[in-house]
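J.: Provided below for reference: sequence and predicted model.
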Amino acid sequence: MIGCISTEERCTGLISQIGNFCSITSELIFEVEHGPVWEADKINRKISFNRNEFLRNGVNNSSINRISTQSRFGNFEARIKEFLKDSVGENLIIDITSMPQKVLFFLCKLCLKLPLQTKNIIFTYTEPEKYDQNALVENHEAWDALPSFRLSRDSVQDRKVVIAIGYDPMGLPEQVNSSDFNEGTVSFLFPFPSHPDRVSRNWKFIRRIFPNSETRKLDIKRVDGLNIPEVYDELCGIGGYGTIALSLAPYGPKPVSLAMALYACRYSVSPMQTGVFYNQPLDKNPDYSIGIRFSGGIPAINCYCVRLNGINLY
């Protein structure tokens with residue numbers, strides 16, 4: 001199992017339930033430390049509580065790797081490669097609930113290349129009860145390609161941009177003045193249906209990028225933000241199953257990011273190689289999400305199988 005500890009309560013959703021269905025033989029857990037913009041005591045208190053939940057549910061303390069968002073990505077990369085080489089058996093579960101985007105995409109690419117003795121690979125995502133109404137992130141890295149998804153020199157430059165809509169575009173509006181961004185080359189993945197307050201925040205996201213555009217001129221694709229096959233199929237339609245070069249910007253829900261990662265891994269050969277670009281946030285609101293959504297008395301944990309009986313499904 002691979003997962004992340006954060007200030008969000010929902011990061012404990014899977015670990016609190018997984019013992020009811022299977023036993024974990026090895027685990028790699030990242031405890032992601034964010035910057036000091038928000039109250040440090042509150043951040044430390046929440047992370048400590050969630051860490052104890054992981055330990056209480058059988059995770060070894062030695063399996064927890066404390067890494068700052070400002071650390072070199074190589075710190076993540078080394079531990080991931082070591083774990084996948086030495087500790088993975090027939091089944092692998094990856095919880096992306098609180099996982100940084102750059103780790104999610106990198107993991108997805110490596111996992112799809114694992115030897116076939118790893119027969120089954122499942123990604124999971126726990127839904128929150130709600131999101132905080134205040135700013136969710138502060139400060140961010142520069143707009144750049146995610147690790148292992150940088151375009152090669154011979155890749156097609158004439159490409160479409162697909163933006164997964166979230167709540168905060170961070171540095172994305174600063175890119176709009178470039179030739180890559182205009183109404184004719186950008187498509188949006190809009191998570192719908194959704195709660196009314198979340199829909200409102202998604203529209204504000206779009207307006208921060210194209211404040212003066214008419215809605216009817218924008219290419220907005222409405223997709224279920226929890227339905228990975230639906231999002232993947234939409235990307236295949238936009239990209240012509242790899243015949244149209246795409247650059248992806250994963251600012252939306254984590255399941256949409258996973259669908260983007262699967263698409264980028266599938267269509268990764270130059271010159272039509274898929275690029276992935278993002279501004280990784282450095283500081284995260286400790287109340288980014290609040291609580292865990294329950295369904296039928298248990299946490300709402302979505303499971304996505306990407307390899308079954310040794311066959312990659314995407």
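T.: Ah, there it is.
J.: low-confidence ranges in the stretch 101-250 of the chain?
T.: When the per-residue scores of the stretch 101-250 of the chain are filtered using pLDDT under 70, the ranges that remain are 176-184, 215.
J.: switch to 90 and redo it
T.: For the stretch 101-250 of the chain, residues meeting the criterion pLDDT under 90 lie at 116-117, 138-143, 152-159, 169-186, 194-197, 207-218.
J.: how deep is I238 tucked in, by neighbour count?
T.: The local packing count at I238 equals 17, with neighbours defined by other C-beta atoms under 10 Å. C-beta coordinates here come from the backbone N, C-alpha and C atoms, glycine included.
J.: hmm, R159 and it touching each other?
T.: No. Counting by C-beta atoms under 8 Å, no contact exists between I238 and R159, whose distance comes to 11.0 Å.
J.: just to be sure, L116 is in a strand?
T.: No. Judged by DSSP: H, G, I helix; E, B strand; the rest coil, L116 forms no part of a strand; its state is coil.
J.: what sits against D197?
T.: Q133 (C-beta atoms under 8 Å, 6 or more residues apart in numbering).
J.: how about the helices of the stretch 151-300 of the chain, start to end?
T.: Counting by DSSP state H, counting those that start in this stretch, residue ranges of the helices within the stretch 151-300 of the chain are 196-209, 228-238, 254-266.
J.: and the last one, what does it pack against?
T.: Counting contacts by 3 or more C-beta pairs under 8 Å, 6 or more residues apart in numbering; DSSP states H and E, the secondary-structure elements packed against helix 254-266 are helix 101-111, strand 120-126, strand 160-164, helix 228-238, strand 246-250, strand 275-278, strand 301-308.
J.: rounded mean pLDDT for the shortest one, please.
T.: The one in question is strand 275-278. What strand 275-278 shows for mean pLDDT is 95.
J.: alpha carbons only: can I get that strand in PDB?
T.: Extracted in PDB, the C-alpha atoms of strand 275-278 (Å, rounded to 0.1, in the frame of the first residue of the first chain):
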ATOM      1  CA  GLY A 275       2.500  16.800 -21.700                       C
ATOM      2  CA  VAL A 276       1.400  17.500 -18.100                       C
ATOM      3  CA  PHE A 277       1.900  20.900 -16.500                       C
ATOM      4  CA  TYR A 278       1.100  22.200 -13.100                       C
END
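J.: show me where the stretch 1-150 of the chain has helices.
T.: Using DSSP H, counting those that start in this stretch, the helices assigned to the stretch 1-150 of the chain run over residues 13-17, 40-56, 73-86, 101-111.
J.: I'd like those helices as a markdown table, with mean neighbour count and distance to D283 appended.
T.: Below are the helices of the stretch 1-150 of the chain laid out as a markdown table (neighbours: other C-beta atoms under 10 Å; distance: least, C-beta to C-beta, whole Å):
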| stretch | mean neighbour count | distance to D283 |
| --- | --- | --- |
| helix 13-17 | 21 | 24 |
| helix 40-56 | 15 | 10 |
| helix 73-86 | 14 | 18 |
| helix 101-111 | 22 | 15 |
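J.: need those helices in TSV (columns: distance to R207).
T.: Shown next, in TSV, are the helices of the stretch 1-150 of the chain (distance: least, C-beta to C-beta, whole Å):
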stretch	distance to R207
helix 13-17	32
helix 40-56	31
helix 73-86	32
helix 101-111	23
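J.: out of the ones you listed, which comes closest to L28?
T.: Minimum separation from L28 across those (C-beta to C-beta) falls at helix 73-86, 4.2 Å.
J.: using CSV, write down the CA coordinates of the closest one.
T.: Output in CSV follows, covering the C-alpha atoms of helix 73-86 (Å, rounded to 0.1, in the frame of the first residue of the first chain):
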residue,chain,number,x,y,z
PHE,A,73,11.4,15.6,-6.0
GLY,A,74,14.3,13.2,-5.9
ASN,A,75,13.4,12.5,-2.2
PHE,A,76,10.0,11.2,-3.3
GLU,A,77,11.4,9.4,-6.3
ALA,A,78,14.1,7.4,-4.5
ARG,A,79,11.7,6.1,-1.9
ILE,A,80,9.0,5.2,-4.5
LYS,A,81,11.4,3.3,-6.7
GLU,A,82,12.9,1.5,-3.8
PHE,A,83,9.5,0.4,-2.5
LEU,A,84,8.2,-0.7,-5.9
LYS,A,85,11.4,-2.7,-6.5
ASP,A,86,11.6,-4.5,-3.2
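J.: out of the helices and strands packed on helix 254-266, which one sits most buried?
T.: Comparing the helices and strands packed on helix 254-266 by mean neighbour count (mean count of other C-beta atoms under 10 Å), strand 246-250 comes out on top with a mean of 25.
J.: angle of that one against helix 254-266?
T.: For the pair strand 246-250 and helix 254-266, the angle between their directions (axes from the mean of the first three to the mean of the last three C-alpha atoms, to 10 degrees) equals 150 degrees.
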